[in-house]
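**Q** Using only what follows, build the 3D model:
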Amino acid sequence: MKNKKVLVAVTGGVLGILAILLVKMGNPANMGYCIACFLRDISGGLGFHRAEIVQYMRPEIFGLISGAFLAAFLSKEHKSVGGSSPFIRFTLAFAGMIGMLVFLGCPVRAVLRLAGGDWNAGVGILGLIAGVVIGIQFLNKGFSLGRASGMQSVNGYIFPVMAVAILVLLVFGTSFFFSSKSGPGSMHAPVIISSAAGIAVGALAQRSRFCMIGGIRDFILFRDTHLLIGFIALLVIAFLGNLTVGAFKPGFAGQPIAHTDGIWNFLGMLLAGASATMLGGCPLRQLIAASEGNTDCVITIVGFIAGAAFAHNFGLAASAKGVSFAGQTATLVGILIVFTIGFLGTYRQTSYSGGTSYGQNG
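**A** Predicted coordinates for the structure are as follows:
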C-alpha cells in the first residue's frame, strides 16, 4: 500500500510540474492540463462545434491515451470489456461536460486554477465535493451501471489505436484538422512537448490508478487517503511551481479563462462531481480506463465530446463574462437529469444486479 501511495503522489506531482511547463511553453494560463477543455478543443478540431476560438487537436490527450495503452499492454492489464449501461454513461458524461464548461474546467484544472491563486476554483471544488457526496448517496443505496463483460479483443484496441494514429499525424504536422487562429485554442505548447507530457502522465496514471473523484470519494466513504494523496500532491507541486515562475496571482477577479459567478461555479462542479461519481471516475480516469480496453469508458468519452459540442453550438459554455441564461438553465436541467437517473437507478431498480461502475474503472 505504501508503494501505491508513493506512485499516486508521484503521478500528481509530475502532473503538476508538467502543467506548469506546458503553460510556460504556450498553453493557456492555469490550463497546463484540463481534460474537459482539451476534449472541448478536440471536439472543435474535428468540426463538431463552430466556436472558432476553441478548436485544436490537443496532443496531450492523444499522448495520454497512448501512454496509458502502452503501460496497460506491457503490464498485461489491457482487457477488452464493455456492455454496461452505455446510453446512461453517455448521458451522464454529456451532462457532466456541460457542468464543467459552465465552471470552465475539469477537476484537474480546478486544482490547477486554485494552485495559481484563482479563488473561484475553491468555490468550484466545494461544489465538486458536494456533487461527490450526492453521488455517494446513490451508490450507497445501490445505484449501479452494471458489470462489464468480456468482448472480442479487437473492441478494446480500436480506441487507443485511433489515438496513436492521430498523435502521429499531429507530430508530423498534418493540417487536416480545424485549428483556432485566436483565443484559447490558438495557445498551445509545441506538439512534441505536449505529446511527451501526455504520454508520461498517461503511463503514470495507468499504473497508479490516479483519479481526482476517486480520491474525494474514498476519503469520504472509508477515510482512505490513497488516491487523495495524488490530489494533494498535484495542488502542492503546482502551487510551488507557480510561485517559482511568478505565476501565482491570488484573487477572484481577472483570473485567466474564469468567471466570478460563485453560484454557477459551485453548481457547475456539483453537476460534474455527481455525474463523475456515478460514472465511476473523473474524466482523466475515464480516458485511462478506455485506453485499457474498457469500451464503456470510450462511450463516456464520446459523451464528453458530444456535450462539449452541444455546449458551444448552443451558447451554454461560460466565458470570462459569466454564465449565460442558457448555460444556467442547462446546468439546472443537467442536475435534474443526473438526479433522475440516480433516483430511478436506486429506488426503481428491477431485478437486474451488477457492481458499481467504479469497480470497473478505478
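
**Q** Tell me who's in contact with the most centrally placed residue in the chain.
**A** With distances taken as C-alpha atoms, centre = their mean, Pro283 lies nearest the centre of the chain, 2.7 Å away. By C-beta atoms under 8 Å, 6 or more residues apart in numbering, the contact set of Pro283 is Ile35, Ala36, Leu39, Gly96, Met100, Cys106, Pro107, Val108, Ala276, Phe304. Every C-beta, even on glycine, is put in place using the N, C-alpha and C of the backbone.

**Q** Which of these has the largest number of neighbours?
**A** Met100 (36 neighbours; other C-beta atoms under 10 Å).

**Q** what's the spacing between that one and Gly127?
**A** Note on Met100: its distance to Gly127, by C-beta to C-beta, to the nearest Å, is 11 Å.

**Q** joint contacts of these two?
**A** Contacts common to Met100 and Gly127, judged by C-beta under 8 Å, 6+ apart, are Gly268, Met269, Ala272.

**Q** Secondary structure element holding the closest residue to the last one other than its chain neighbours?
**A** Read that as Ala272. Nearest residue to Ala272, sequence neighbours excluded (C-beta to C-beta, 6 or more residues apart in numbering): Gly99, at 4.1 Å. Using DSSP states H and E, the element containing Gly99 is helix 86-103.

**Q** On the pLDDT front, check the residue nearest to the centre of the chain for me.
**A** With respect to pLDDT, Pro283 has a value of 98.

**Q** separation between it and Leu128?
**A** From Pro283 to Leu128 the distance is 12 Å (C-beta to C-beta).

**Q** Next, show the common contact partners of those two.
**A** Common neighbours of Pro283 and Leu128 (C-beta under 8 Å, 6+ apart) are Pro107.

**Q** rewinding a little: please look at the residue nearest to Ala272 and Met269 and confirm they touch.
**A** Yes - under the criterion of C-beta atoms under 8 Å, Gly99 makes contact with Met269 at 6.5 Å.

**Q** In the chain, where is pLDDT below threshold?
**A** 1, 348-362 (pLDDT under 70).

**Q** Tell me where the protein has strands.
**A** 81-82, 149-150 (DSSP state E).

**Q** right, so of those, which gets closest to Gln206?
**A** Counting by C-beta to C-beta, Gln206 lies closest to strand 81-82 out of those; the figure is 15.5 Å.

**Q** and stretch 46-61, which residues are buried?
**A** Phe48, His49, Ala51, Ile53, Val54, Gln55, Tyr56, Met57, Arg58, Pro59, Glu60, Ile61 (16 or more other C-beta atoms under 10 Å).
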